[in-house]
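Participant: What shape does this take:
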Amino acid sequence: MKQYIIRRLLQMIPTLIGISILVFAISSLVPGDYITAKNSPSMTAEKKAELRAIYGLDKPPVERYFTWAGNMVTGNMGDSLQHKQPVTKVIGNYVWNSFIIAFCSLVLSWIIAIFAGVFSAKFQYSLFDKLVTLVVFLCMSLPSFFLGLLLIKIFAMELGWLPVGGMTTAGSNATGFSYIWDVAEHALMPITVLTMLSTGSLTRYFRTSMLEVIRQDYIRTARAKGLKERKVIFKHALRNAMLPAITLMGFELPALFGGAIILEKVFVWPGIGQVYLESISVRDYPFLLGFTIFLAVLTLIGNLISDVLYGAADPRIRLK
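Facilitator: Numbers count the residues shown, from 1 in each chain. This next block holds a predicted model:
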């Protein structure tokens, strides 16, 4: 196992190099830069040229790539042109806000999807199965901004139970448990929407996998031995049904830190998704490139974790 993990980590190096070249090349092909994006009418051509020299935007793309890549190797992602702060600091300021709602929705969606998928497969074609299928397709078909605006209208504007948006109450100086409760109230609706969107596809995965597994011979053998149905389903069947879903888990790690751009915009949640979107519009290439590489690293690590979990879930799988 240790040799496998080390080998996979070494294989990530050329992959990251290729990703960095591709991402930098695409950003270089986009017309304009941070100076032109600001589009200040009072800025003279001499001032623009001076700023481009300061930011290093006047250098050839190849030279800029090697300068940027060399700094990345040392852990220096550069400074955000928009925020006038190191990229790592900007990521640290906002990424944990996105992590709060992403992690909570991840836990809830997996718990709901496992139980809904298992019982939907066990009682196939029953009323429960039909209701689950209806709710699943309903959640998958509705766009996130529609669900978000619908919850705001019902629970914030009409009933007044929850705040409209933001992460904390404006002007609040709450600390301790009061602060946690304030954040929880503001996060409830974004978490609910994310959970609804994620649960649908996960439930279908678990239901399909369970339907295949519970028809296997070893499940019939376990029942013939007199094992309790709960033990047969949750110990023997569910463990093997988890294998296809483990593939999805590899993509959950970057999703935890990637932010939900549309939802953060709807609920005015100060997450990394909004900052990432703004960096594209203002051509803040240091942040854009740094955060993209950050997500690429998380994606590769997530895939590695998925492969390791395959071996843990099914001892028949040998990692080589």
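
Participant: Pick out the residue nearest the middle of this protein.
Facilitator: residue 255 (1.0 Å; C-alpha atoms, centre = their mean).

Participant: check which helix or strand covers that one.
Facilitator: Using DSSP states H and E, residue 255 falls within helix 238-258.

Participant: Poorly predicted segments of the protein, please.
Facilitator: The model of the chain has pLDDT under 70 over residues 1, 37-41, 259, 311-320.

Participant: For it, give the helix that spans the most residues.
Facilitator: When the chain is parsed with DSSP state H, its longest helix is helix 176-213.

Participant: so residue 24 makes contact with residue 290?
Facilitator: No. With contact defined as C-beta atoms under 8 Å, residue 24 does not count as touching residue 290 (11.2 Å). (Each C-beta comes from the backbone N, C-alpha and C, glycine too.)

Participant: Looking at these two, which is more packed in?
Facilitator: Higher neighbour count among residue 24 and residue 290: residue 290, with 25 against 21, using other C-beta atoms under 10 Å.

Participant: List phi and psi for the residue nearest to residue 97 when sequence neighbours are not counted.
Facilitator: Computed as C-beta to C-beta, 6 or more residues apart in numbering, the closest residue to residue 97 that is not its neighbour in sequence is residue 271, at 4.7 Å. Taking degrees, to the nearest 10, you get phi -100, psi 180 for the backbone angles of residue 271.

Participant: for residue 271, what are its contacts?
Facilitator: Going by C-beta atoms under 8 Å, 6 or more residues apart in numbering, residue 271 touches 94, 95, 97, 98, 101, 259, 260, 264.

Participant: and the last one, how many residues sit next to it?
Facilitator: It stands for residue 264. Using other C-beta under 10 Å, the number of residues around residue 264 comes to 26.

Participant: all helices of the chain, in order?
Facilitator: With DSSP H, the ranges of helices along the chain come out as 2-29, 34-38, 45-55, 61-73, 87-122, 127-141, 144-151, 176-213, 217-224, 229-231, 238-258, 261-266, 272-281, 285-313.

Participant: Dump the ones you listed to a markdown table, plus distance to residue 161.
Facilitator: A markdown table is the format used below for those (distance: least, C-beta to C-beta, whole Å):
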| stretch | distance to residue 161 |
| --- | --- |
| helix 2-29 | 43 |
| helix 34-38 | 41 |
| helix 45-55 | 47 |
| helix 61-73 | 46 |
| helix 87-122 | 18 |
| helix 127-141 | 21 |
| helix 144-151 | 10 |
| helix 176-213 | 9 |
| helix 217-224 | 45 |
| helix 229-231 | 37 |
| helix 238-258 | 28 |
| helix 261-266 | 18 |
| helix 272-281 | 25 |
| helix 285-313 | 35 |
